[in-house]
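[1] Just a sequence and a predicted model for now, questions to come.
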Amino acid sequence: MAKVKNKVSAGNELLENPDVLAEKLSKSEEFIEKNRNWVIIIAAVLVLGVGGYFAYTYYQQKNNSEAVAAMFQAEYYFQQDSLKLALEGDGNYLGFLEIVEDYSGTKAAELAQFYIGAAYLKQGNFEESINYLNDFNPKDIVVHGRKLCLIGDAYMELNDFENAAKFYQQAADYKSNEFFTPQYLMKAALAYEKGGDKQAAIACYETIEKQYFDSNLFQDAKKSKARLEFGS
């Protein structure tokens, strides 16, 4: 108890006694004077660090705005299935490939990777599609599931049914929802079937039957399960 009292008294003395305060300030000045170079260096580092952070943030935001504007025409070409123009640009507007290169690190450039992966898949360039989609790391739940599904599609086209099933299953298991999960499960079931894993395929159909009975894929899943179970 006495120790607490002494601390309180010392604090009051520092606030109320000008001589004590002057002594403390004098010691602080001495320390700064003796270590002037270090103090200046530390202060400079702090200023540069804070300034650098805000400068980088501003630069990234500016870059991202430019990239979003540049993507407008590429997205239009993609929607029109003009995939070569979407990827490479038309001479006036950048394509997705240049956007990824010129605006690396921005959210827009990251989304451009998804478009590139999807475009390559449509073009039949399945290996490159997988590479770009694997590098794409979306935070959006729906887009993440879609990415996994497209990788599964690419592996299906390569007749790699094991990897196709794996990615379809990951898509189905990731943040399950009423609309997309049954679609991914149907794709996974087909991949399992083609890969010879009949029981895994049945399990996918059964999950739709038991958990997604409001889905428009319910009847298809029920019939496909019966076909595998009874061999008809």
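    Here it is on my side, so go on.
[2] For this protein, name the helix or strand with the lowest mean pLDDT.
    Between all helices and strands in the chain, the lowest mean by mean pLDDT, DSSP states H and E belongs to helix 2-16, at a mean of 47.
[3] where does this structure dip in pLDDT?
    By pLDDT under 70, the weakly predicted segments of the chain are 1-64, 232.
[4] the strands in it, which residues?
    Remark: no strands are assigned in the chain by DSSP state E.
[5] Using CSV, list the CA coordinates for stretch 92-102.
    Taking Å, rounded to 0.1, in the frame of the first residue of the first chain, the C-alpha atoms of stretch 92-102 are listed here in CSV:
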residue,chain,number,x,y,z
ASN,A,92,-6.5,1.1,-78.5
TYR,A,93,-7.5,-0.7,-75.3
LEU,A,94,-5.5,-3.1,-73.2
GLY,A,95,-6.3,-6.8,-73.0
PHE,A,96,-6.4,-8.8,-69.8
LEU,A,97,-2.8,-10.0,-70.3
GLU,A,98,-1.4,-6.5,-70.4
ILE,A,99,-3.6,-5.4,-67.5
VAL,A,100,-2.1,-8.1,-65.3
GLU,A,101,1.4,-7.1,-66.3
ASP,A,102,1.0,-3.3,-66.1
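[6] which residues touch that stretch?
    Where contact means C-beta atoms under 8 Å, 6 or more residues apart in numbering, the residues beyond stretch 92-102 that reach it are 67, 70-74, 77-78, 85-89, 108-109, 112-113, 115-116, 119. Where you see a C-beta, it was placed from the backbone N, CA and C, and this is true even at glycine.
[7] and those, which of them are in helices?
    Among these, the members found in helices (DSSP state H) are 67, 70-74, 77-78, 85-88, 108-109, 112-113, 115-116, 119.
[8] Quick one, which of the residues you listed are buried?
    Among the ones in helices among the contacts of stretch 92-102, those classed as buried by neighbour count (16 or more other C-beta atoms under 10 Å) are 67, 70-71, 73-74, 77-78, 85-87, 108-109, 112-113, 115-116, 119.
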